[in-house]
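*Asks:* I'd like to go over a predicted model; first the sequence, then the structure.
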Amino acid sequence: MTTSPETQAAEPEVAAARTVEPVATTELSIDFGRIDSQGNVWVQDGDTERMIGSFPEGLPSDPFALYTRRYADLEATIKLFEDRLASLGPKEIDQTLATLKEAVDQPNAIGDLPALRARVQAVEERAQARKEEAKEERRLAKEHALEERTALVERAEAILAKESSKIHWKQSGQVLRDLLEEWKQLQRRGPRLDKAAEDELWKRFSATRTQFDRRRRQYFSELDERQGQAKRVKEEIIARAEALKDSTNWGETSNAFRELMEQWKRAPRASRREDDALWARFRAAQQAFFDARHRNDLAVDSEYQANLSAKEDLLKEAEALLPITDHEEAKAALRSIQDRWAEIGRVPSEHFRKVEARLRAVEDELRKAEEAEWRRTNPETRARATGMLGQLEDQLDQLRADLEEAKASADEAKVRELTQALETKQAWFDQISSSLS
């Protein structure tokens, strides 16, 4: 036979060589098909029998094989469509259904053709429902894709919404590049959005990237300007520091360096690399001066070591005046010590505070003794104290008499109260009496 399954038609198939006389055969038959004595092939298609081919040159060994195989191929095609239906989209469903309906209309195949057509009709009904499901799935998928794409754009816009000083430009630039790759991936693997929606989102995303690049250039341009200004300010400070580094006016120059340090702290920062280099230059000038001052202090301290020993001897003499019993005598002795102290001169700087504090302590004790003596000998103070002593003596006598009466009447509560009052008044009396001694 010369006809292939792909070229099946409604017309019966006949061998190409028509010049050869048909060979008479015995009629053959199978379910849904037969071959007559002239070699014509017939199929029982429902209530109708139609010729679908012929063997004019004689029958092959299995004359029904071609036609039953075609029927099996149709069955397999329908089965494949039934199995894949749930995963197909509307367009594929329509195309496949059209092909199947055409294939089972008048096929040159032997088998239960009405059953095939019934299966195609049944699957067509299921396909219509599947098309509606697919449309809904596509709608939901597009909604989800729109949400994904919108969220992506909003993430990009959130970066741009920050203040320029709070944007991490390198990291944020990489985030925007990653978002662009993600956009491309969504375009490739996801459902296509409506053109208007996709164009609007892309316009927003593209505008965000453009503005980000513009703001980044502006930010770093302004940063370069600020850092350049900071560099100029700090170079001026360095110039003044380098002009002072060889000074031997130790006190005044030390104050000048402290002021330069305060100016440095208030100055804006240059770039990290330049700021480190500028600081190294400033620190070198500062260190040169203070190292020289330290060497001078060491030399001076060595020279003043003998003065320290002399002042320590004077401290022993001064501290021997304590405790002060005669403030006039102690005052004269301390004045002599102070005069000799001033004549000795400076001591090493590391001992200055300590020896001065020890001398101040003796001076403080003398001042306290003088103040106490003045309070004791002040006529007005003594008059007030004497009057108070007289009042206290009268109160003490009365308390003693009351206490004896309470004891005689065995009033224990009154005894305790009067005893406590008597002790308190006696303490006041003793304190005032001692101040007048």
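*Replies:* Yep, that arrived.
*Asks:* and residue 312, how far from residue 266?
*Replies:* Here the distance between residue 312 and residue 266 works out to 45 Å (Cβ to Cβ, to the nearest Å). Quick note: C-beta positions are derived from backbone N, CA and C, even for glycine.
*Asks:* my bad, residue 108
*Replies:* 100 Å.
*Asks:* can you give me the helices for this structure?
*Replies:* All helices of the chain, identified by DSSP state H, fall at 65-84, 90-103, 113-161, 169-189, 195-244, 250-266, 272-303, 305-319, 327-344, 349-377, 379-408, 412-436.
*Asks:* and the angle for the shortest one with helix 113-161?
*Replies:* This means helix 90-103. 170 degrees (axes from the mean of the first three to the mean of the last three Cα atoms, to 10 degrees).
*Asks:* just the buried positions in helix 90-103, please.
*Replies:* Of the residues in helix 90-103, those buried by neighbour count under the rule 16 or more other Cβ atoms under 10 Å are 90, 93, 96-97, 100, 103.
*Asks:* name the helices or strands packed onto it?
*Replies:* Judged by 3 or more Cβ pairs under 8 Å, 6 or more residues apart in numbering; DSSP states H and E, the packing partners of helix 90-103 are helix 65-84, helix 113-161.
*Asks:* 6 Å instead?
*Replies:* helix 113-161 (3 or more Cβ pairs under 6 Å, 6 or more residues apart in numbering; DSSP states H and E).
*Asks:* now do the helix it packs on, average pLDDT.
*Replies:* The average pLDDT within helix 113-161 is 89.
*Asks:* what about the closest residue to residue 274 other than its chain neighbours, distance to residue 416?
*Replies:* Nearest non-adjacent residue to residue 274, counting by Cβ to Cβ, 6 or more residues apart in numbering: residue 231, 5.8 Å away. Going from residue 231 to residue 416 by Cβ to Cβ gives 86 Å.
*Asks:* gap between residue 419 and residue 411?
*Replies:* 12 Å.
*Asks:* on that earlier part again, looking at residue 312 and residue 266, which is more packed in?
*Replies:* Per other Cβ atoms under 10 Å, whichever of residue 312 and residue 266 has more neighbours is residue 312, with 14 against 8.
*Asks:* neighbours of the residue nearest to that one when sequence neighbours are not counted, how many?
*Replies:* Counting by Cβ to Cβ, 6+ apart, residue 312 lies nearest to residue 355, which is 6.9 Å off, once chain neighbours are set aside. The local packing of residue 355 (other Cβ under 10 Å) involves 18 other residues.
*Asks:* same thing with residue 60?
*Replies:* For residue 60, using other Cβ under 10 Å, the count is 11.
*Asks:* low pLDDT regions in this protein?
*Replies:* The chain contains residues with pLDDT under 70 at 1-26, 376-385, 435-437.
*Asks:* quick one: contacts for the residue nearest to residue 347 when sequence neighbours are not counted?
*Replies:* Counting by Cβ to Cβ, 6+ apart, residue 347 lies nearest to residue 308, which is 4.3 Å off, once chain neighbours are set aside. Counting by Cβ atoms under 6 Å, 6 or more residues apart in numbering, residue 308 touches 347-348, 351.
*Asks:* can we see that at 10 Å?
*Replies:* Contact analysis of residue 308 by Cβ atoms under 10 Å, 6 or more residues apart in numbering lists 301, 344, 346-348, 350-352, 354-355.
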